[in-house]
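>>> this one's sequence-less:
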């Protein structure tokens, strides 16, 4: 039998952060939903933050684009040699300009692809845990990994820290009979 998570809906971020800190210290999986970024909150450091790997996609794309630009300009110069009155066939200025532009282009494209991969977009599954209330004027604290006999305790902690509503979310998966 799958265990369903609890979602506590709060009006204020600071009370939600206190509840998240308490629940995370007791070993539950905690996810925060907020209509505004919470990175500037001092209490946010107590909640586990995920590492952002998108910048590595950007770095890889920029380096690959720069190398592609160099190969493109030098390859074109080799394929179509045009004598230009004593000027070098492999000119540095056009090579660097094209390489710079392709580095930016590839960096942007790889950043977009990295964002989509890490955000798991587009999402076609039916088991997304979300409530539209936290998109407008509420803060949500999703607690997962709850044993069957601990639902009342977790709900009590959520309400103790000011949750005005606690919902039992389902994953869209039919329960086994």
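Alright, I've got the coordinates. This one's a predicted model, so the numbers in the text were calculated from it and none came from an experiment.
>>> what's residue 87 sitting at in phi/psi?
phi -80, psi 150 (degrees, to the nearest 10).
>>> what's the answer for residue 148, then?
phi -60, psi -30.
>>> Spatially nearest residue to it (excluding sequence neighbours)?
Spatial nearest neighbour of residue 148, chain neighbours left out: residue 3 (6.8 Å); criterion: C-beta to C-beta, 6 or more residues apart in numbering. Every C-beta, even on glycine, is put in place using the N, C-alpha and C of the backbone.
>>> Helices of this protein, start to end?
Assigned helices in the chain, in chain order: 13-25, 54-79, 92-118, 151-160 (criterion: DSSP state H).
>>> With mean pLDDT added, can I get those helices in CSV?
Formatted as CSV, these follow (pLDDT from 0 to 100):
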stretch, mean pLDDT
helix 13-25, 86
helix 54-79, 96
helix 92-118, 96
helix 151-160, 91
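>>> if we can go back for a sec, dump the residue contacts of the residue nearest to residue 148.
If you count contacts by C-beta atoms under 8 Å, 6 or more residues apart in numbering, residue 3 has them with 144, 145, 146, 147, 148.
>>> was I right about the second one contacting residue 30?
No: applying C-beta atoms under 8 Å, one finds residue 145 not in contact with residue 30, separated by 9.2 Å.
>>> With neighbour numbers in mind, choose between those two.
Neighbours were counted for residue 145 and for residue 30 using other C-beta atoms under 10 Å; residue 30 has more, 21 against 12.
>>> isn't the more buried one right next to residue 141, touching?
Yes: contact criterion C-beta under 8 Å: residue 30 and residue 141 qualify, at 6.7 Å.
>>> Quick check on the contacts of residue 3: which are buried?
The neighbour-count test (16 or more other C-beta atoms under 10 Å) marks 144, 146 as buried among these.
>>> re the thing from before, common neighbours of residue 30 and residue 141, please.
20, 23.
>>> hang on, the earlier thing: out of the helices of the chain, deepest packed?
When the helices of the chain are scored by mean count of other C-beta atoms under 10 Å, the highest mean neighbour count falls to helix 13-25 (a mean of 19).
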